[in-house]
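>>> generate coordinates for the sequence data below:
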Amino acid sequence: MGFFSISVVADIAVNDKAPAFELIDQNNELHRLSDYSGKWLVLYFYPKDDTPGCTKEACSFRDDIYKIRELKAEVIGVSTDDVESHAEFAEKYNLPFPLLADTDAIVAKSYGSAWKLGPYSLAKRHSFIINPEGKIAKIYRKVDPDKHSAEIIADLKTFQKSNTNGIN
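Numbering: from 1, shown residues only. Got it, this is the predicted structure:
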């Protein structure tokens, strides 16, 4: 039996209430979507710690974290790697934001960001901006790790200037 890929796509769209989550980060701290109520949240899913594209994306968010926080937003990364892997990855690259361990891909599935490769469940490289009311403001299904952080910053500025909280 060879390897195969199956995508799991949840029916999620802009303006929908963001699916709730409750996961542990690299420091064994629990994070819930409700912890970010009243704030902008960049929730990004990525396939694997310490791989080239995932490292580039994480380090771009790290390098831009002050710009993102100036826009009253927080960043959270999610993959199916475990807490120990996240801890090593965060320490190696000095990542100043939570990396959540979604080892069963339950949260990734709820955001339509899970795929299976043979016996493994992984997160796709997708991102979501969640507005202060807990609704999906923007969905990114095609992410370029080189440009993504800048794209997120530009979109956060647009949402905040238009004062729409990302709701059309």
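
>>> which element follows the worst-scoring helix or strand of the chain on mean pLDDT toward the C-terminus?
Lowest on mean pLDDT, DSSP states H and E among the helices and strands of the chain sits strand 5-8, with a mean of 42. Sequence order places strand 22-24 as the next helix or strand after strand 5-8, per DSSP states H and E.

>>> just checking, what packs against that next one?
Using 3 or more Cβ pairs under 8 Å, 6 or more residues apart in numbering; DSSP states H and E, the elements in contact with strand 22-24 are strand 30-32, strand 99-101. From N, CA and C alone the C-beta is placed, and that goes for glycine too.

>>> contacts for whatever helix or strand comes next after the first one, please.
The first helix or strand that comes after strand 30-32 along the chain, using DSSP H and E, is strand 40-45. Where contact means Cβ atoms under 8 Å, 6 or more residues apart in numbering, the residues beyond strand 40-45 that reach it are 18, 33, 57, 61, 68, 71-79, 108, 111, 113, 123-132, 137, 143, 148, 152, 156, 159-160.

>>> what strands line up against strand 40-45, and which way round?
Sheet pairing for strand 40-45, assigned by DSSP bridges, gives strand 73-79 (parallel), strand 126-130 (antiparallel).

>>> from Lys161, how far out is the most centrally placed residue in the chain?
For the chain, Tyr44 is the residue whose C-alpha lies nearest the centre (Cα atoms, centre = their mean; 1.4 Å). Tyr44 sits 22 Å away from Lys161, going by Cβ to Cβ, to the nearest Å.

>>> buried stuff in the helix ranked longest in the chain?
Longest helix of the chain, by residue count under DSSP state H: helix 148-162. When burial is assessed from 16 or more other Cβ atoms under 10 Å, helix 148-162 yields the following buried residues: His148, Ser149, Ile152, Ile153, Asp155, Leu156, Phe159, Gln160.

>>> excluding its backbone neighbours, what's nearest the fourth one?
I take that to be Ile153. With Cβ to Cβ, 6 or more residues apart in numbering as the criterion, Ile153 has its nearest non-adjacent residue at 5.4 Å, and that residue is Lys67.
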